[in-house]
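Colleague: structure for this input, please:
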Amino acid sequence: MAQQQAQQRQQQEQQKIQTRQSSAQAQQLRTRSQDQKAVSANPAMLKSVAATQQIQQFKQSKLTTMKQADKSKPAVPAYRPSTQTNFTQKPGHVAGIQPNHPVQRVNVAERPAVVVNGRTVPSYLGNADIVKGMGLAKKNAVAERAAHGTEYNGAIRTGRTYVANFGRGNQDVFNRWYHYRNDDDYYRFYYSAWFSLGFYGGYYYPVDLCDWTADNYFWYPSVYWFYSDDYNPDLYSAWYGDYYYLYPVTPFRFARVYYPSQAFIDMNVEVSSWQNYQQSNFRTEILNLTQDLAQQISDNLQESFVLSPNDIVVTNYNHYSDGQGNEALVFSGAVDRGNLHVGFEALLNPNDPTDYIVFVPVGQEPTDADQYNLNLINQRIQSLGGDPTVVYTEPEPQLN
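Modeller: Numbering: from 1, shown residues only. Predicted coordinates:
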């Protein structure tokens, strides 16, 4: 008896499935018939329908091609990272901090710290545009996660693998920078002669390691791009939708060269909220200015300088805008490895992939020739309503 009832329920479920399938097929036929009637009544629609079909075929073909390329590409950066830690400078050149040079410790008139909900936060979080952008990115991340669970889970697995493989090394870098700041202020004030000129790159700002547990950061496409060297068209097409086919993403050839400071990760969360063409511009500019940064350092050394993981540490950033479509993203920090400690500042324009500037001070003391790129950056900041000489009290990270 029970077996008969089970068979009856199974037959009923099969009938329901067949009914749903028949209804769906009937609806498809009705829709197709309506489309054909509409096209017959309006021949101009024929081009639109054909164009839509061509676009769908193109997208599917391109995605298939990208997936095939993914399988054929090596999961390693195109460049060869260097393990060299000792560098020889050209005679007459000073490439970064020198341990025996005297340092002038000056009093910097810092503005009060930015406080949000009773907690001191990095000064860039006092910029309403940055906070708005980060909020929009997080809202988009939640929405895209709901729509693309498979791709989301894949990104999170990549993030966990990264933390497992590089977490210890990242912590070592944080410990080193913590001692730079707290054991001796030599590093912090090495570039003090530049402070009045608006340059606080190098080691003035504290550095905090990104708290990977605070958010699923690898789901943000810009973060993923910097720390994974694989081809992942599924993830990018999930986030960007059709725009991915207009602005395809190729892996960053300097993957993991940028240390995951909280400032740098927050910057890339914000970038993930930008317009799609702006994110494409950003990827182009950051690649070019990273190459230029390495080249400028090489110019002051007797041998070429090849970037390696965690070499570039971004300590602070800001996003300037005049509200009329003119913008600039400015970030600063240092290239730090072995006996090489070189400060830098960079500017890029989200609306123009060719508009970027990199400043690397050649020496401890400013010279007229040395100030050219810094003046260009300062002029842009001022034109957008900012003041490059202003600094704030920043939260001090804690040593774990």
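Colleague: any regions of this protein where pLDDT drops low?
Modeller: Scanning the chain with the threshold set as pLDDT under 70 gives 1-96, 98-100.
Colleague: which segments of it make up each domain?
Modeller: Residue ranges for the domains of the chain, per automatic domain parsing: 2-41, 73-383.
Colleague: in JSON lines: those domains, plus mean neighbour count.
Modeller: Where you see a C-beta, it was placed from the backbone N, CA and C, and this is true even at glycine. Listed next are the domains of the chain as JSON lines, based on neighbours: other Cβ atoms under 10 Å:
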{"stretch": "domain 2-41", "mean neighbour count": "10"}
{"stretch": "domain 73-383", "mean neighbour count": "18"}
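Colleague: reformat the ones you listed as TSV; add distance to residue 393.
Modeller: Shown next, in TSV, are these (distance: least, Cβ to Cβ, whole Å):
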stretch	distance to residue 393
domain 2-41	63
domain 73-383	4
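Colleague: for residue 145, grab phi and psi.
Modeller: When quoted as degrees, to the nearest 10, the phi and psi of residue 145 stand at phi -60, psi -40.
Colleague: list the contacts of it.
Modeller: Each residue near residue 145 by Cβ atoms under 8 Å, 6 or more residues apart in numbering is listed here: 152, 216, 219.
Colleague: what strand or helix carries the closest residue to the second one other than its chain neighbours?
Modeller: Yep, that's residue 216 we're talking about. Closest residue to residue 216 apart from its sequence neighbours, by Cβ to Cβ, 6 or more residues apart in numbering: residue 156 at 5.6 Å. Using DSSP states H and E, residue 156 sits within helix 149-182.
Colleague: for that helix, packing partners?
Modeller: Packing contacts for helix 149-182, counted by 3 or more Cβ pairs under 8 Å, 6 or more residues apart in numbering; DSSP states H and E, involve helix 221-227, helix 233-240.
Colleague: so which of those helices gets nearest residue 374?
Modeller: Between residue 374 and the helices and strands packed on helix 149-182, the shortest separation by Cβ to Cβ is 25.4 Å, and it involves helix 221-227.
Colleague: what helices or strands is that closest one leaning on?
Modeller: Using 3+ Cβ pairs under 8 Å, 6+ apart: helix 221-227 touches helix 149-182, helix 233-240, helix 262-271, helix 276-298.
Colleague: is residue 215 in a helix, a strand, or coil?
Modeller: At residue 215, secondary structure determined by DSSP: H, G, I helix; E, B strand; the rest coil is coil.
Colleague: pull up the gap between it and residue 268, please.
Modeller: Applying Cβ to Cβ, to the nearest Å, the value for residue 215 to residue 268 is 12 Å.
Colleague: what of residue 154?
Modeller: According to Cβ to Cβ, residue 154 stands 19 Å off from residue 268.
Colleague: would you agree residue 349 is in contact with residue 328?
Modeller: Yes. The criterion here is Cβ atoms under 8 Å, and residue 349 meets it with residue 328 at 6.0 Å.
Colleague: show me what contacts the residue nearest to residue 216?
Modeller: 216, 218, 219.
Colleague: the second one and residue 163 touch, don't they?
Modeller: Pointing back at residue 218 there. No. Residue 218 is not in contact with residue 163 according to Cβ under 8 Å; the separation is 9.3 Å.
Colleague: any idea which element residue 142 lies in?
Modeller: helix 128-147.
Colleague: which SS class is residue 331?
Modeller: strand.
Colleague: from residue 125, how far out is residue 373?
Modeller: According to Cβ to Cβ, residue 373 stands 27 Å off from residue 125.
Colleague: please apply the same query to residue 207.
Modeller: Taken as Cβ to Cβ, the span from residue 207 to residue 125 is 16 Å.
Colleague: and residue 288, by the same measure?
Modeller: Taking Cβ to Cβ as the measure, residue 288 falls 28 Å from residue 125.
Colleague: same question for residue 211.
Modeller: Taking Cβ to Cβ as the measure, residue 211 falls 14 Å from residue 125.
Colleague: please apply the same query to residue 217.
Modeller: Residue 217 is 16 Å from residue 125, by Cβ to Cβ.
Colleague: now residue 382
Modeller: According to Cβ to Cβ, residue 382 stands 22 Å off from residue 125.
Colleague: could you do residue 220 as well?
Modeller: On the measure of Cβ to Cβ, residue 220 and residue 125 end up 17 Å apart.
Colleague: cool, and residue 199?
Modeller: The value you get for residue 199 to residue 125, if Cβ to Cβ is used, is 22 Å.
Colleague: could you do residue 360 as well?
Modeller: For residue 360, the distance to residue 125 - Cβ to Cβ - is 27 Å.
Colleague: now residue 146
Modeller: Distance from residue 146 to residue 125, by Cβ to Cβ: 27 Å.
Colleague: ok now do the residue nearest to residue 355 when sequence neighbours are not counted, which residues does it touch?
Modeller: Excluding its sequence neighbours, the residue lying closest to residue 355 (Cβ to Cβ, 6+ apart) is residue 349, at 3.7 Å. Residue 349 is in contact with 281, 285, 327, 328, 329, 355, 356, counting by Cβ under 8 Å, 6+ apart.
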